[in-house]
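S.K.: this one's sequence-less:
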């Protein structure tokens, strides 16, 4: 097993599971983002493609096996602490189900109009806007040492988000 070098970028995947205007989000019981509603995801393992990783993570965290994951974009997160990621972002449309149990937290269906009433990672609002607009993105997010989002830019359109 390779050792992680602090400060180096690690590769990850995450998916917004969607049913119409509702997203199945995980209220996390683990760091990072403890107590925050976040999409399903995790690290890409050795010799694994991003698509294989998102299928595995989705199954591990929800027991679900969506038939189609649609790639939406890339998110690079940079901070002066050990939180530095390059994430492949997906969306998967699924049938409505009662939220399954998860070892990572509690799953909740949240209507897109109610996302402002729950705490989500600071990068996810802009990501969901790109997903709703069906726009591919390459986002760069810069954080300070307390994980406050300082700046966010979209590279394809050279657009400053924050």
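M.R.: All right, it came through fine. Computed from a prediction, not measured in an experiment: that's the story for all the values here. Residues are numbered from 1 along each chain as shown.

S.K.: Let me see the contact set for the closest residue to residue 161 other than its chain neighbours.
M.R.: In this structure, residue 161 finds its nearest non-sequential neighbour in residue 152, 4.1 Å apart by Cβ to Cβ, 6 or more residues apart in numbering. For every residue, glycine as well, the C-beta is placed using N, CA and C. Applying Cβ atoms under 8 Å, 6 or more residues apart in numbering to residue 152 gives the contacts 122, 123, 126, 139, 140, 141, 142, 160, 161, 162.

S.K.: Please report how far the fifth one lies from residue 10.
M.R.: Note on residue 140: its distance to residue 10, by Cβ to Cβ, to the nearest Å, is 16 Å.

S.K.: got the phi/psi numbers for residue 104?
M.R.: phi -90, psi -10 (degrees, to the nearest 10).

S.K.: What of residue 132?
M.R.: When read as degrees, to the nearest 10, the backbone of residue 132 gives phi -60, psi -30.

S.K.: Around it, count how many other residues there are.
M.R.: 12 (other Cβ atoms under 10 Å).

S.K.: likewise residue 84?
M.R.: 16.

S.K.: Which residue is the nearest non-sequential neighbour of it?
M.R.: Looking at residue 84 with Cβ to Cβ, 6+ apart, the closest residue is residue 9, at 4.9 Å.

S.K.: again, but for residue 21
M.R.: Of all residues beyond its chain neighbours, the one nearest residue 21 is residue 112 (4.9 Å), with distances taken as Cβ to Cβ, 6+ apart.

S.K.: repeat for residue 25
M.R.: Nearest non-adjacent residue to residue 25 (Cβ to Cβ, 6+ apart): residue 37, at 4.1 Å.

S.K.: Is residue 25 bridged to anything, and to what?
M.R.: residue 108 (DSSP bridges).

S.K.: Which among the contacts of residue 152 count as buried?
M.R.: 122, 123, 126, 139, 141, 142, 161 (16 or more other Cβ atoms under 10 Å).
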